[in-house]
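> need a structure here:
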Amino acid sequence: MTAIPKELFNRDGAIYMGAQRDPAGCQVGLFGVPYDGTTSFRPGTRFGPAAIRQVSDGLETYDPQLDADLEDIAFADLGAVEISFGAPEPVVEAVRQATNAVLDLGLKPLMLGGEHSISSGAVAAVAERYPDLVLLQLDAHADLRESWLGGRHSHACAMRRCLEVLPSGELLQLAIRSGTKQEFQELRREQRLVGMQQLAARLQAIQGRPLYLTVDLDWFDPSVMPGTGTPEPGGYLWADFAELTALLQGQNLVAADVVELAPGLDSSGCSSVLAAKVVRSLLLSLAAP
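Numbering: from 1, shown residues only. Next up, the predicted model:
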């Protein structure tokens, strides 16, 4: 495939800073999924992808933590996945198809949400290409419920659905701080719960394996990320994320997503800027040799 199928993406609206529309010669393909149909507390993540793009021009292209510059890589902003609002199942399937299209172009996918329920579609597509894929989750919540409010594809079930499409079954859940008693029992029993101090050793153990990073922005503390639908006190700061991205250098990062920005919940706009900065780091990490 040499071009993105036009029926998969809406290319209207803003574009992430420094991106091109033509995927030819690019290393990373960025796309948005404006969906929040299973939100159970505060809605608005459907506006997240557009907000990230709109504020991105306020950032420098250079990332001092990574000593890398967006001007030195080639990446495409492919637009927003065409989705139907309502039930999540068709959205997850549309995400799977869109991710496959990005992979067919030889690009590494970077998906912007929207809510976390969409991640299983992208993970499914990437895992088809990389059966030994390892999934690393940054999140406040375990997201391991079998169902929530009558739905199996709720954002509260995101990792449960990802495990169903992850042949390796290898999921690392970094610094989770909220969930049911049963979820935490499973986290500990399966040795999925990883603290920041343990992360380097766990990444060393999977060195060379394909890695998918899913970033739920409520992993950050509400003091720096109030614009998210389910905030949880006791979270992390930019310095922690910078430490993580430093550890990812040399890992085989093949895909990523950034989800759960609800920009309307933060009138200052700082949450959107933080999300855009996360995206900058991931673009550079995905494009790293």
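
> quick one: the helices in this protein?
48-56, 88-104, 119-129, 158-164, 181-189, 199-205, 238-248, 270-287 (DSSP state H).

> Identify whichever of these lies nearest to Gly25.
For the helices of the chain, proximity to Gly25 was assessed by CB to CB; helix 270-287 is nearest, at 12.0 Å. Any C-beta I mention is one placed from the backbone N, CA and C, and that applies to glycine too.

> Find the nearest non-adjacent residue to Ile176, please.
Take Ile176 and drop its neighbours on the chain: the residue closest to it by CB to CB, 6 or more residues apart in numbering is Ala142, 5.1 Å away.

> Let me see the contact set for the one you found.
Each residue near Ala142 by CB atoms under 8 Å, 6 or more residues apart in numbering is listed here: Met159, Gln173, Ile176, Ser178, Gly179, Thr180, Glu183, Phe184, Glu186, Leu187.

> can you do 10 Å?
156, 158-160, 173, 176-180, 182-184, 186-187, 192-193 (CB atoms under 10 Å, 6 or more residues apart in numbering).

> who does the spatially most central residue of the chain bridge with?
Central residue of the chain (CA atoms, centre = their mean): Asp257, 1.8 Å from the mean position. Beta-bridge partners of Asp257, counted by DSSP bridges, are Met111, Thr214.

> That one contacts Val123, doesn't it?
Yes - counting by CB atoms under 10 Å, Asp257 touches Val123, with 8.7 Å between them.

> which residues are common contacts for those two?
In the contact map built from CB under 10 Å, 6+ apart, the residues linked to both Asp257 and Val123 are Val95, Thr99, Tyr212, Thr214.

> Determine the number of other residues adjacent to the last one.
Neighbour count of Thr214, defined by other CB atoms under 10 Å: 27.

> Report the separation between it and Leu172.
Distance, Thr214 to Leu172, using CB to CB, to the nearest Å: 11 Å.

> and what of the second one?
Here the distance between Thr99 and Leu172 works out to 21 Å (CB to CB).

> likewise Gly234?
Distance from Gly234 to Leu172, by CB to CB: 19 Å.

> For the two, indicate the residue with more neighbours.
The residue with more neighbours, out of Gly234 and Leu172 and counting by other CB under 10 Å, is Leu172; that gives 21 against 10.

> For the more buried one, which residues are in contact?
134-138, 191-194, 198-199, 202-203, 205-206, 211, 213.

> Which of the helices and strands in this protein ranks last by mean pLDDT?
strand 9-10 (a mean of 90; mean pLDDT, DSSP states H and E).

> who does that strand touch, helix- and strand-wise?
strand 28-33, strand 75-81, helix 88-104 (3 or more CB pairs under 10 Å, 6 or more residues apart in numbering; DSSP states H and E).
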